[in-house]
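[1] quick one, structure for this:
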Amino acid sequence: MTSPDALPVPPADVLGDDHALAGWLAAAAGDRLLQVREQGLEGRELKDAGDRAAHELLVALLAAHRPDDAVLSEEAADDKARLEADRVWIVDPLDGTREFSEPPRDDWAVHVALWTRGAGDGTTGPGDLTAGAVAQPALGETFTTGAPAVVPPRTSERPRIAVSRSRPPAFVQALATELDAELVPMGSAGVKVVSVVRDVADAYVHAGGQYAWDNAAPVAVARAAGLFCSRVDGGPLVYNADDVSLPDLVVCRPELSEAILAFVARHGTD
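    Have a look, this model is predicted:
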């Protein structure tokens, strides 16, 4: 585990603000990952070291500064006590391990989100996301719900859809044909969602299987920026459920949502 003596200390004004804390946590884990990247490791050894270092740091910091909250992390066993908790931090310490292990690639991220019981409109179960941050450490950027990004006006005549650089799904290729859209390959689910916030893409449509930690923080950031977020059937994205699987999602500029959902309704995702 990370030594308490090695823990970074958040500024005093961060501690009372969940939005600011999420951003600070994501950035701190990102800094730790950049340090790991400089250790001369390669391949699987680098991936494992990054996952472990970022996870241990986030868990230690949350234990220090939010000791009463539950944590759901990709890198730890799922403690079902979170289902009774009022506040649950959902974290992916390193999203895009493959890209992280291929310096100088920058399309990897750290995700930190907070789910709070009683939040939301009731369609998302007993609670909803209330804060979140996505750090892209190699770019030196952190996107947070506390300072929501202003999505710039679209700069591309053709819609751009973010897709996996290694396995773009066939249905998204068909969707691109339908919308006369361009496919933009990149790594990391968080980077794909944030690409819509940054006007690098206009939509991210996924149906290949994910988990809550893969998209909780990105969805929180995207919602705060005014983007459309849902399941591919238009249903709500539900977090802190018993089943942590969230197999599909759509994040896009609002003006594209109707066409994307209509395509999926007609053709499915097979």
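[2] okay, CA-based contacts and neighbour counts for the rest of this
    Fine.
[3] where in this structure is pLDDT low?
    Counting by pLDDT under 70, the chain shows low-confidence ranges at 1-5.
[4] most residues in a single helix of it, which one?
    Longest helix in the chain by number of residues (criterion: DSSP state H): helix 43-65.
[5] for the helix or strand that comes right after that helix, packing partners?
    Downstream of helix 43-65, the next assigned helix or strand under DSSP states H and E is strand 70-73. Here strand 70-73 touches strand 87-95, going by 3 or more Cα pairs under 8 Å, 6 or more residues apart in numbering; DSSP states H and E.
[6] distance between the strand it packs on and the chain's centre?
    Chain-centre distance of strand 87-95: 9 Å, with Cα atoms, centre = their mean, to the nearest Å.
[7] ok so, going back, other SSEs contacting the longest helix of the chain?
    Judged by 3+ Cα pairs under 8 Å, 6+ apart, helix 43-65 is in contact with helix 18-37, strand 87-95, helix 97-100.
[8] hmm, 10 Å instead?
    Where contact means 3 or more Cα pairs under 10 Å, 6 or more residues apart in numbering; DSSP states H and E, helix 43-65 is packed against helix 18-37, strand 70-73, strand 87-95, helix 97-100, strand 109-117.
[9] okay, the angle between the first one and strand 109-117?
    It stands for helix 18-37. For helix 18-37 against strand 109-117, the angle between stretch directions is 150 degrees (axes from the mean of the first three to the mean of the last three Cα atoms, to 10 degrees).
[10] correct me if wrong: residue 36 contacts residue 46.
    Yes - using Cα atoms under 10 Å, residue 36 makes contact with residue 46 at a distance of 7.6 Å.
[11] so those two - more neighbours on which side?
    Comparing residue 36 with residue 46 by other Cα atoms under 10 Å, the one with more neighbours is residue 46, at 22 against 18.
[12] so where do the helices sit in the stretch 101-250 of the chain?
    170-179, 189-197, 212-224 (DSSP state H, counting those that start in this stretch).
[13] can you give the distance of the first one from its chain's centre?
    The chain centroid and the centroid of helix 170-179 are separated by 24 Å under Cα atoms, centre = their mean.
[14] please enumerate residues in contact with that helix?
    With Cα atoms under 10 Å, 6 or more residues apart in numbering as the test, helix 170-179 has contacts from 158-163, 180-183, 204-207, 256, 259-260, 263-264, 267-270.
[15] narrow the residues you listed to just the buried residues.
    Buried by 16 or more other Cα atoms under 10 Å: 159-163, 181-183, 204-207, 260, 263-264, 269, out of the contacts of helix 170-179.
[16] residue 25: which of those is nearest?
    residue 204 (25.2 Å; Cα to Cα).
[17] check contacts around the closest residue to residue 190 other than its chain neighbours.
    Residue nearest to residue 190 in three dimensions, not counting chain neighbours: residue 218, with 5.4 Å by Cα to Cα, 6 or more residues apart in numbering. By Cα under 10 Å, 6+ apart, the contact list for residue 218 reads 109-113, 132-135, 143-145, 189-194, 197, 224, 251.
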